[in-house]
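> Just to be clear, the model below is a prediction. Sequence and coordinates:
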Amino acid sequence: MVFETKNKISPNINDYNIDSIRDDFPALSLECNGYPLSFLDSGASAQKPSKVLERMDHAYRNEYANVHRGAYTLSQQATDNYENARKTVADFMNAKSSDEIIFTRNVTSAINLVAHSYGRNFLKAGDEVVISHMEHHANIVPWQLLRDAVGIELKIAPIDDAGNFLLDDFEKILGPKTKLVAITHVSNVLGTIVPIKKIVQLAKTVDAKVLIDGCQGIVHEGVDVQSLDADFYAFTGHKLYGPSGIGVLWGKLDLLNAMPPYEGGGDMIEIVTFEKSTFRDAPARFEAGTPPIIEAVGLAAAIDYITSIGVNNIATHENHMLEYATSCLAEIDGLRIIGNADKKIGIISFELDDIHPHDISTIIDSKGVAVRAGHHCAQPLMERYGVPATTRASFGMYTSEGDIDQLADALKYAKGIFG
Amino acid sequence: MEDDLRELYQEVILDHGKNPRNFARPQNANYEANGNNPLCGDKLTIFVKLGADNIIEDAGFDGRGCAISIASASMMTDIVKGRSIEQVDILFGIFHRMCTGEDISEVPSEFEDDIDKLMVMSGVKQFPMRVKCATLGWHAMQAAVRGDEIASSE
Ligand SMILES: Cc1ncc(COP(=O)(O)O)c(C=O)c1O
């Protein structure tokens, strides 16, 4: 499922010039320990194109003031920038209205917002929340806190050994008590693309609300929230080539306006007296305090950049890299890929002989290769595969065959050290 | 960098990593503690047989971890045998300074042999991200003899 960005003539994949794209990212010309940097940790956080850095720098230098406050020109301009960024995000996700876009600190705070504001007010003891076995801790722990606070039950939708989401089993878990389904769009460890559209359809049959953790998914597939028809979709800016410090919660407007505030403070109120306060509608209701002003501008610049290249083209390129890397790594003796779902994105978790991922990561770092080693904030999933940790290479729009060759060579070197 | 790497992953460490010594619970162990590194999910359990006079009569460990954490725990369990809790504290202090590249020129003579053996681990000072791996077992050892249950490398 690759979503079309609406009303835009998509650039052609034949125009996908990996060299010029790489030139757009200053960090990619870094050297690391005497080697060109092979940055294969975009799944944790992506590098930033110059367009984003320059846009933010320009805004700080020329367009900066607090938003929604001053009646002077500079504040008006900052406010316009911030609200235009909201519009850019809304268009990118094909949201009905910018009011459905709430800026948060990251996806973690977006999910916590829903768990608090929706969870504590609309869910009660005995209600069931369904998550999957491959969730990031950010989509596990908020629901456990909710469980401890109001007594909901947490149900886990299983996956098979390859890492495929099991729709049949999911369907069996659903029932009259299911009130919310909170599932990732794409696994940050296995790369699995989860059939979120079918999940939404099934959840509707029991009238459950659906939250999608779109952190990895939006980067590689985009999203059309109207056609998906979930209730909440959340993502984080820094994985989408934007700055850290900003995340997005999209929600259906009626639902958002029925939810009480999560945090209280400035900007989210209508009238405050010591007896009582009244609250504004979404999105302001959920944006207490000074928001991530310049981060929003940076995120919008990142989205403009991605759109100029084409989400589908990026996906096609990353798929090529995934195929290339999968075949390169298959040639390395003793390398076992964890996560072979039918549909996946450019994320490869693996084990190499019995060398611990930390050792692998230290050794290949000496050859300029940056990968993630550890449990990837998905300990229950590690348990599922009986490993304490994995090494993970994850790709972005700028990943080249050269990066992958460098990884393969470095892994052979690591094997050599361990004999 | 490659020299630093070779120094870190030298034969002795690789050997201890692959064939850890004392990799079991001693039969008469009376204290134990888990060491967790929440960053990577590594877990070690350290077992100690502590005598009435606070002397460590036996020590062992099990668990999963990287070559550095396993090798370090392996060497540690060899070295602490026969030592008192106080001596282990001092040893760990010196070892910790070694791992972070601080001055260890003034080692009390009674510990010189032990520190000589531990010197193979000193390459970790070039890899600040890995210091916690080298000290995980030691933290758990301290927790075990103090009667705490869980030690964290954090
Ligand atoms: C699937 C998924 N969910 C949630 C997160 C958490 O993102 P953040 O730390 O930006 O809130 C991540 C990233 O680490 C992720 O990959």
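That came in fine, so what should we check first? Numbering: from 1, shown residues only, chains lettered A, B, ... in the order given.

> Do you have the helices of the stretch 101-250 of chain A handy? List them.
Remark: helices assigned in the stretch 101-250 of chain A by DSSP state H, counting those that start in this stretch are A:107-113, A:120-122, A:141-150, A:167-173, A:196-205, A:217-221, A:225-228.

> For those, give me JSON lines that also has mean pLDDT and mean neighbour count.
Bear in mind the C-beta positions are built from the backbone N, C-alpha and C, glycine included. Below are the helices of the stretch 101-250 of chain A laid out as JSON lines (pLDDT from 0 to 100; neighbours: other C-beta atoms under 10 Å in any protein chain shown):
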{"stretch": "helix A:107-113", "mean pLDDT": "98", "mean neighbour count": "24"}
{"stretch": "helix A:120-122", "mean pLDDT": "97", "mean neighbour count": "15"}
{"stretch": "helix A:141-150", "mean pLDDT": "98", "mean neighbour count": "17"}
{"stretch": "helix A:167-173", "mean pLDDT": "98", "mean neighbour count": "14"}
{"stretch": "helix A:196-205", "mean pLDDT": "98", "mean neighbour count": "18"}
{"stretch": "helix A:217-221", "mean pLDDT": "96", "mean neighbour count": "26"}
{"stretch": "helix A:225-228", "mean pLDDT": "98", "mean neighbour count": "18"}
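
> tell me the contacts of the residue in the stretch 201-350 of chain A that chain B sits nearest to?
Chain B sits closest to residue A:349 of the stretch 201-350 of chain A, with a gap of 13.4 Å, by C-beta to the nearest C-beta. Going by C-beta atoms under 8 Å, 6 or more residues apart in numbering or on different chains, residue A:349 touches A:189-191, A:337-339, A:376, A:390-392.

> Which of the residues you listed scores worst on pLDDT?
Ranked by pLDDT, the contacts of residue A:349 bottom out at residue A:376, which has 90.

> Against chain B, how distant is that residue?
For residue A:376, the distance to chain B equals 9 Å [C-beta to the nearest C-beta, to the nearest Å].

> who's in contact with the nearest residue to that residue once chain neighbours are set aside?
Among residues not flanking residue A:376 along the chain, residue A:189 sits closest, at 4.8 Å (C-beta to C-beta, 6 or more residues apart in numbering or on different chains). Counting by C-beta under 8 Å, 6+ apart, residue A:189 touches A:134, A:338-339, A:347, A:349, A:376, A:378, A:381-382, A:390, A:392.

> how far away is residue A:189 from the ligand?
8 Å (C-beta to the nearest ligand atom, to the nearest Å).

> ok so, going back, so which of the contacts of residue A:349 wins on neighbours?
Each of the contacts of residue A:349 was scored for neighbours by other C-beta atoms under 10 Å in any protein chain shown, and residue A:190 scores highest at 31 neighbours.

> Would you enumerate the residues in contact with that residue?
Contact analysis of residue A:190 by C-beta under 8 Å, 6+ apart lists A:134, A:159, A:163, A:338-339, A:341, A:344, A:347, A:349, A:381.

> Reformat those into a markdown table and put distance to the ligand next to each item.
Listed next are the contacts of residue A:190 as a markdown table, based on distance: C-beta to the nearest ligand atom, whole Å:
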| residue | distance to the ligand |
| --- | --- |
| A:134 | 9 |
| A:159 | 14 |
| A:163 | 14 |
| A:338 | 16 |
| A:339 | 13 |
| A:341 | 15 |
| A:344 | 14 |
| A:347 | 9 |
| A:349 | 12 |
| A:381 | 11 |
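
> possible to save these as TSV with distance to residue A:53?
Shown next, in TSV, are these (distance: C-beta to C-beta, whole Å):
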residue	distance to residue A:53
A:134	33
A:159	38
A:163	35
A:338	35
A:339	33
A:341	35
A:344	31
A:347	26
A:349	30
A:381	34
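
> how much space between residue A:403 and chain B?
From residue A:403 across to chain B, the span is 19 Å (C-beta to the nearest C-beta).

> Please, which helix or strand holds residue A:64?
Using DSSP states H and E, residue A:64 sits in no helix or strand.

> hang on, it packs against residue A:70?
No - judged on C-beta atoms under 8 Å, residue A:64 makes no contact with residue A:70 at a distance of 11.5 Å.

> These two: which is more packed in?
Between residue A:64 and residue A:70, counted using other C-beta under 10 Å, the more crowded position is residue A:64 (17 against 13).

> For stretch B:91-109, give me every contacting residue.
The set of residues external to stretch B:91-109 that reach it, using C-beta under 8 Å, 6+ apart, is B:79-80, B:83, B:90, B:111, B:114-115, B:118-119, B:121-122, B:124-126, B:128, B:131, B:134-135, B:138, B:141-142.

> The same query, at a cut-off of 6 Å, please.
Identification of contacts with stretch B:91-109 by C-beta atoms under 6 Å, 6 or more residues apart in numbering or on different chains yields B:111, B:115, B:118, B:122, B:124-125, B:131, B:134, B:138.

> again with stretch B:36-51
Applying C-beta under 6 Å, 6+ apart, the contact partners of stretch B:36-51 are A:358, A:374-375, A:388-389, B:25-26, B:28-35, B:56-63, B:65, B:69, B:73, B:132, B:136-137, B:140-141, B:144-145, B:152-153.

> Thanks again, I'm all set now.
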